Structure formats: C-alpha cells, structure tokens
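**Student:** build the 3D model from these lines:
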Amino acid sequence: MERESFFQYVDEAAAWLAERTDIKPLVAIVLSAGLGGLTESIANPKNFASKDIPHFPGARAEGHKGSLSFGELGGVPVVAKSGRFHFYEGHDPHEIVFPYFVLAKLGVKYLITTNAVGAVNEKFRAGDLMLVADHINLMGINPLVGIAVQRPKDQFISLVNAYDEGLRKLAKGVAKSIGLPVTEGIYLATSGPSYETKAEIAAFRKIGADAVGMSTVPEVIAANFLRMKVLSLSCIANLAADIHEDEITHDEVLDAMKGLAPKAIRLIEGVVEEIGKL
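**Tutor:** So this is what the prediction gives:
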C-alpha cells in the first residue's frame, strides 16, 4: 500500500462498507486471539472477512481470524474486529493501522483493544486482567510516519492521555460491580515474533514495564491521532521469561486466553453498555 494513496484507500474502503451495512458504529472492539466469542453477543451481526474489504491487509497470525462484525452490543452500535494485523507479519506500519482510519470514517469514537501479554511484574499471574495505563514503545516503529504529514495541520498528537483516564475509571467501576479483580499497569511493546530473553525482561522491569506484548501500540497511536478515546485490556497469559519455569509457547498463550475469555468478555460488554449511557 503506497503511503501517498493512503487516504484515498481509506475513503474507498469506508464507502465499500457503508454500502453494505447501515450500522454506524460508536465503539470499535479489537478482539485478541481467544476472545472471538464476544461476537456471539452482537445482535443482528453483519460480518465481513478482512480479505474481502478493499485495501485491507490479511491476518496471518495464529489464532487471529481477520474479520469485522457490525451490529449492536447492549443496544450500542459497535464493530468488533476479530484478530488484528501485526508488524511481525510483515505489514508496513501504516498498513497495520489502516482499518482504524476506515472505522473512524464510519463514525467510531471509542476504541477498546485487547491483547494477550506476558507478565513482567512479578506480582502478576496467568489469568490476571490489567487495564493499560500507559505504554513503552520498543517496536522501533510509529505508524504515523509519512501519514500524519499528509494533513495540512494537527500533524503531531499528544499521547499524555493515550489510554483514556475516564474510560479506565469507568472500566474499574464495571469490574467492581461484577466482582471481577482488575489491576492497572504499563504495557511494553516489542516487534516480535520471538519471545523475550531473560535479560530483556529484567531490563523491561527496570524501566517500569508491567507486561509485554507484540501489538496494540500502533493502533493506540493511530486512534489518538484520530481523536478516539482508548481503553486497552491486557490478559496475562504467561509469566515472563526470567520467572517462567520452561519455554514459552504460543499454545500456552492460546490455552490461557480460553480460560480468560469469559471474564474479559463480560467486562467488555459492561463497558460498552456504560459507554452507551455517556
């Protein structure tokens, strides 16, 4: 995808979707591997495979379906993105965030992202849920390179409140009301696809990271550029390399996500319902 034609492609993809669904989503939900079951709660869904939408990249990561589901969740118009695009799949940074520009064009104002992460904080255990309060970007990329400058103004975006404080407060209130323990922490992103070394994890801990993953940061940067309010939920799927008993595997992560899915989905559904009341 040529950067110079990026916004033309955004318009074409948004027009294609608008012709095929009457839903004007207020909230976009990015479902990590294992959380696709949330789409079963969407009323009157209209589903699109990513590969069929003009200019959308294809999802190739294991456990990531690659589809959009438009409909209503708790009476709120939403679009759920099952699976995301990752830098480690070989996509250019601007391709990774292309869908969020399209969804913003369709009216999305709120972005709820989810991810499977490794625990850097030694107090965390597999099965915990963490609301992301901030991030450390060690991916070595920024998806706005060559894109932001195509706007005549507002080319630079603040990330001081990248993970909206109001939405985190709302999510904590929902979690408390349903008796679900959640914590807050700092998410550190690497490019992947290799898991981290023990030395890297020790270094990440020293600079303040609580969890580590291979996604999320590009879409959060893009969403802030697009003036969306962002809430990110990290599912602790495994202990980090220096406190893990043996090798970390993707199967372990997927198994952990299956166990985490019901409570993560319940929290997301509650948050969406509360957003609908704002």
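
**Student:** dump the residue contacts of residue 41.
**Tutor:** Residue 41 sits next to 73, 265, 269 when contact means CB atoms under 8 Å, 6 or more residues apart in numbering. C-beta coordinates here come from the backbone N, C-alpha and C atoms, glycine included.

**Student:** what do you get for residue 213?
**Tutor:** With the criterion set at CB under 8 Å, 6+ apart, residue 213 makes contact with 115, 116, 117, 118, 187, 188, 189, 190, 234.

**Student:** helices and strands of this structure: which one has the lowest mean pLDDT?
**Tutor:** Across the helices and strands of the chain, mean pLDDT, DSSP states H and E gives its lowest value to helix 250-275, namely a mean of 83.

**Student:** so what secondary structure elements neighbour that one?
**Tutor:** strand 27-31, strand 67-73, strand 76-82, strand 110-119, strand 129-137, helix 165-177, strand 229-239 (3 or more CB pairs under 8 Å, 6 or more residues apart in numbering; DSSP states H and E).

**Student:** and those: which comes nearest residue 93?
**Tutor:** Counting by CB to CB, residue 93 lies closest to strand 129-137 out of the helices and strands packed on helix 250-275; the figure is 11.3 Å.

**Student:** mind checking how far the closest one is from the chain centre?
**Tutor:** Centroid separation between strand 129-137 and its chain, computed with CA atoms, centre = their mean, to the nearest Å, is 11 Å.

**Student:** before we move on, what about stretch 101-117?
**Tutor:** Centroid separation for stretch 101-117 versus its chain: 7 Å, with CA atoms, centre = their mean.

**Student:** now the end-to-end length of that stretch.
**Tutor:** Length of stretch 101-117, first residue to last, CA to CA, to the nearest Å: 25 Å.

**Student:** go through it and flag the buried ones.
**Tutor:** 101-106, 108-117 (16 or more other CB atoms under 10 Å).

**Student:** which pair in those residues spans the largest distance?
**Tutor:** 105 and 117 (29.8 Å).

**Student:** where's the most centrally placed residue in the chain relative to residue 97, distance?
**Tutor:** Note on the chain: the residue nearest the mean C-alpha position is residue 113, at 3.0 Å, using CA atoms, centre = their mean. Using CB to CB, to the nearest Å, residue 113 is found at 12 Å from residue 97.

**Student:** which ones are touching the nearest residue to residue 173 once chain neighbours are set aside?
**Tutor:** In this structure, residue 173 finds its nearest non-sequential neighbour in residue 274, 7.6 Å apart by CB to CB, 6 or more residues apart in numbering. Counting by CB under 8 Å, 6+ apart, residue 274 touches 170, 173, 174.
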